[in-house]
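Student: My questions are about this predicted structure, shown below with the sequence.
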Amino acid sequence: MTIDLSEEIDPALWATLPNDDRVFVGGRTVWTGPFREPLVVAQPNRWGVIEEGFPDVACLVEVDAPVSGHLSMPARTVGFVDRAHRSVPPPERRPLGARLIAGAQTLSKAITQIRGVTVAAMPFARTIPLMTPREPADVIAECHRAGLVGIRQLPGLAGGVALTVTERLGPHDFGRIADVLAGVVGRER
């Protein structure tokens, strides 16, 4: 059985975010400026972490469409794009988003019962940023062989991987996901 955690857009297609006006610290963005408007911001960010404290400048918001309608936005939002920076309509607050966020919380509780696995940053929306005691490439490859696909590496974090709860998943999948990850990490839950 294969369980797919892939997001709607392959991370290989994600547009590069500017890096001359921000520093990424502990899973959050620290804004340093100066800013070229519109400033491209992500809500939630690429780790899945919910951002706050956006600069007071015109912002183009990169969204995770299913959940971003439930999150705060910059005060001066001028438009919305997806992860590939294609224009999208404003995100809406829908029941699916709330279900995905709640599902991610439930899944994170199951996964963090695995010795050595911790949530890397909070609060998160539907993507759970995790730290494991193993190299991310190994974790991803072994999970894929075990039928758990779509896990991605968190850049700049040793042992960091991200799991995304999608609408294809339900509570019945969460135990299997945690079991596969426990087997791959080599620790008991």
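Tutor: Yep, that arrived.

Student: Show me the shaky parts of this structure.
Tutor: 187-189 (pLDDT under 70).

Student: again, only using 90
Tutor: Low-confidence segments of the chain, defined by pLDDT under 90: 1, 8, 19, 26, 155-158, 170-172, 186-189.

Student: Dihedrals phi and psi, H85?
Tutor: phi 70, psi 30 (degrees, to the nearest 10).

Student: What separation is there between the closest residue to it other than its chain neighbours and V23?
Tutor: Leaving aside its chain neighbours, H85 sits nearest to A15 (3.8 Å; criterion: Cβ to Cβ, 6 or more residues apart in numbering). Bear in mind the C-beta positions are built from the backbone N, C-alpha and C, glycine included. Using Cβ to Cβ, to the nearest Å, A15 is found at 19 Å from V23.

Student: Look at the two and report which has more neighbours.
Tutor: For A15 versus V23, neighbours defined as other Cβ atoms under 10 Å are more numerous around A15 (13 against 10).

Student: list the contacts for that one?
Tutor: A15 makes contact with 62, 81, 83-85 under the criterion Cβ atoms under 8 Å, 6 or more residues apart in numbering.

Student: Reduced to three states, what does it come out as?
Tutor: Under DSSP: H, G, I helix; E, B strand; the rest coil, the three-state class of A15 is coil.

Student: Over to the one 3 residues further on?
Tutor: When states are read from three-state DSSP, the local structure at P18 comes out as coil.
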